[in-house]
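**Student:** Quick one: sequence plus predicted model below, questions after.
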Amino acid sequence: MTITNLALADTGDLALTTNSSGFVWIADLDAIAQDCATRLRLLRGEWLLDTDAGLDLERVTGAGITNQGIESEVRRVLGSVTGITSVVSVTVTRTGRAAAVSFEALADTGALITGSVEV
């Protein structure tokens, strides 16, 4: 399966070509990896075209939240990404109210995709 997306810069803005005359396109594994990170930064209910996409805020913040609870929610989100067949590992590191999540997932090509985001 070929997946193509507009590339995002580190700031989250659309990436532009070096002379700013056009957009940068990414495909396949790069597009899947970007989609994983984007969905983990999205809060459930924010995107009007798919209100089930993204992290459920109540499952990752607040009193009584555990690393296992955050891991479970991250696995749910990553499992919904087109091109991901399984989630290999999720590591949660919490500092106060913030959490850093690192993940490894298998793409439908068999390639390992890794990434990390702040949630």
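**Tutor:** Done, it's in.
**Student:** where does the residue lying farthest from the centre of the chain fall, helix, sheet strand or coil?
**Tutor:** Within the chain, residue 19 marks the point farthest from the mean C-alpha position, 28.6 Å out by Cα atoms, centre = their mean. In terms of secondary structure, residue 19 is coil; the call rests on DSSP: H, G, I helix; E, B strand; the rest coil.
**Student:** Going forward, the N-terminal residue is numbered 88.
**Tutor:** Sure thing, new numbering starts at 88, so read that last one as residue 106.
**Student:** Tell me the first helix or strand C-terminal of the lowest-mean-pLDDT helix or strand in the chain.
**Tutor:** For the chain, using mean pLDDT, DSSP states H and E, the weakest element among its helices and strands is helix 144-147, scoring a mean of 86. As assigned by DSSP states H and E, the chain's next helix or strand after helix 144-147 is helix 154-166.
**Student:** Which other helices and strands does the least confident helix or strand of the chain contact?
**Tutor:** helix 154-166 (3 or more Cβ pairs under 8 Å, 6 or more residues apart in numbering; DSSP states H and E). Heads up, the C-betas are built off the backbone N, CA and C, glycines and all.
**Student:** Give me the residues contacting the helix it packs on.
**Tutor:** Residues outside helix 154-166 that contact it (Cβ atoms under 8 Å, 6 or more residues apart in numbering): 123, 126-127, 140-143, 146-147, 171, 173-174, 177, 179, 181, 186, 188, 190, 192, 206.
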